[in-house]
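**Q** Below: sequence and its predicted model.
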Amino acid sequence: MCGIVGYVGEKDAYPIIIKGLQRLEYRGYDSAGIALCEGKSINILKQKGKVSDLNNYSKDKNKKGSIGMGHTRWATHGVPNEQNAHPHLSGDKKLAIIHNGIIENYDSIKKMLLKKGHSFVSDTDTEVLIHLIDDIKNHENCSLFESVRLALNEVIGAYAIIVMEENNPSQFIAARKGSPLVIGIGEGEYFIASDATPIIEYTRNVVYLEDGEIARINKEKELEIKTITNSKISPYIQEIEISLDSIEKGGFSHFMLKEIFEQSNSVLDTLRGRIDPKTKEVILGGLSDYEQKIANSNRVIVVACGTSWHAGLIGEYLFEDLARIPVEVEYASEFRYRNPIINENDIVLAISQSGETADTLAALKLAKDKGATILGICNVVGSSIARITDAGCYTHAGPEIGVASTKAFTTQVVVLTLMSLKTAKIKGTITKTDYHRLITELELIPKKIDKVLKSDNSIQKI
């Protein structure tokens, strides 16, 4: 999982990109690099290690340019070193690319390009892709936008890419499939990143690229989006609601510690508006049209990865115990690669902090194709899972930067508890007394978290 940041406008690109990479460092951290364009040529700065290593390396280097893109890498193809770090250049060094994802058929493309006389300096699949784009651009005599589109029609795999070319300090081309990209729209400037955290300091107006979409991002023109099959798309601009304070450390020594201490407020925000203070009834507005369908379902299949999978295991106990509905919890990464038996009366529930987990998204698409009702629990408003599902619930946990999950997990469990209680009430599998008792207990959780966190010094000693 790599981090991507890009900027084009009138400001110096380097400070914006380096700050953005620092905010995305949790996504990947074995190497980092930046490409800048001032006038004619592309200037590459990259280094093995953390973003701070890149920043130190770049102190006495040329960092001029009002267009640029940066990348933090978590190695897939090739060992972590400067050679394999992004950005990568085409053979004539006129094009540069950064990439998050995996090109599954890169080896066959590479062999084809080697026969044509291309040579490679890295072990990465990403360098193969920029050589393919370059090869198409030269042989088809087409624009960069069109050459990227044609190249992606030959690619199998997942990607979020930005491509820039020399002699064009006004634009870059971006595309996605299976890996998130969000474009920020400012006044005469654009920002692009893997998620919204590097963007919110500058603009709140964003466009989320969908799978199979390509964008031409030019500071002098309106945003242009097409599909890889050459259909024009009208950009849908959304306003993001993340606050800048929520992605800063706020006096804590690291993000994980901050997020441990945020759990009380995160759980409170997850519960907010979902329990009627007078009647003590669960209200899940995002699921209101599907409550009866959940209650009447044959089973619930939870698809998730990592921490979200563990939250799903707790959800299994809750649903089966309270609502008496059979639940299966599946690793999305395994579920998507077999031929699961899914019926129209099944509920497939995806859980994901980011709402962009590639395996979970693929599992949802598989379930949708088989006619199941697909629901989601995620944190990020406007994310891919939120958009593809029939309905769902946001956790409202706020950004989670720490790699080891804390508040994402606890808020996911809270939503699963609310869902199972609501379903049990509809089905009549819980008494009125137990229903209201459990809701009252749930409302006390934030205060109980605060009480535990007051023992911080004792916990650190342990």
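**A** Alright, I've got the coordinates. Residues are numbered from 1 along each chain as shown.
**Q** residue nearest the centroid of this structure?
**A** For the chain, Glu356 is the residue whose C-alpha lies nearest the centre (Cα atoms, centre = their mean; 4.1 Å).
**Q** The stretch 51-200 of the chain: strands as residue ranges?
**A** For the stretch 51-200 of the chain, the strands defined by DSSP state E, counting those that start in this stretch occupy 67-73, 88-89, 95-103, 157-165, 171-177, 182-185, 190-193.
**Q** which of those is buried the deepest?
**A** strand 67-73 (a mean of 30; mean count of other Cβ atoms under 10 Å). In this view, the C-beta of every residue, glycine as well, is placed from N, C-alpha and C.
**Q** Nearest to Lys137 among the strands of the stretch 51-200 of the chain would be which one?
**A** Proximity to Lys137, assessed across the strands of the stretch 51-200 of the chain by Cβ to Cβ, is greatest for strand 95-103 (7.6 Å).
**Q** which strands and helices sit next to the closest one?
**A** In terms of contacts (3 or more Cβ pairs under 8 Å, 6 or more residues apart in numbering; DSSP states H and E), strand 95-103 is packed against strand 3-8, strand 31-38, strand 41-48, strand 67-73, strand 88-89, helix 125-140, strand 157-165.
**Q** And the contacts of the third one?
**A** By that I understand strand 41-48. Strand 41-48 is contacted by residues 30-37, 53-54, 57-58, 61-65, 80-82, 85-87, 89, 93-96, 164-166 when judged by Cβ atoms under 8 Å, 6 or more residues apart in numbering.
**Q** OK, contacts around Lys50?
**A** Neighbours of Lys50 in contact, by Cβ under 8 Å, 6+ apart: 25, 29, 32.
**Q** Which one (most neighbours) among those residues?
**A** Ala32 (31 neighbours; other Cβ atoms under 10 Å).
**Q** Can you tell me, leaving aside adjacent residues, what's nearest to that residue?
**A** Leu54 (4.3 Å; Cβ to Cβ, 6 or more residues apart in numbering).
**Q** Run a quick neighbour tally on that neighbour.
**A** Neighbour tally, Leu54, other Cβ under 10 Å: 24.
**Q** if we can go back for a sec, Leu181 is nearest to which of the helices and strands packed on strand 95-103?
**A** Per Cβ to Cβ, nearest to Leu181 of the helices and strands packed on strand 95-103: strand 157-165, 4.6 Å.
**Q** Same list, the helices and strands packed on strand 95-103, but as TSV with mean pLDDT and distance to His118 please.
**A** Listed next are these as TSV, based on pLDDT from 0 to 100; distance: least, Cβ to Cβ, whole Å:
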stretch	mean pLDDT	distance to His118
strand 3-8	94	25
strand 31-38	91	20
strand 41-48	91	18
strand 67-73	91	22
strand 88-89	94	12
helix 125-140	94	5
strand 157-165	93	17
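**Q** ok, back up a step: is the residue nearest to the centre of the chain in contact with Ala386, as I believe?
**A** No. Counting by Cβ atoms under 8 Å, Glu356 sits too far from Ala386 to count as a contact (9.8 Å).
**Q** between those two, what contacts are shared?
**A** Val380.
**Q** picking that back up, among the helices and strands packed on strand 95-103, which is nearest Val206?
**A** Per Cβ to Cβ, nearest to Val206 of the helices and strands packed on strand 95-103: strand 3-8, 13.3 Å.
**Q** Show which residues not belonging to that closest one make contact with it.
**A** Here strand 3-8 has contacts from 13, 16-17, 20-21, 24-28, 66-72, 98, 100, 160, 162, 169-172, 174, 181, 189-194, 198, 217-219, using Cβ under 8 Å, 6+ apart.
**Q** at 7 Å instead, please
**A** Strand 3-8 is touched from outside by 13, 16-17, 20-21, 24-25, 27-28, 67-72, 98, 100, 160, 162, 170-172, 181, 189-194, 198, 217, 219, with contacts defined as Cβ atoms under 7 Å, 6 or more residues apart in numbering.
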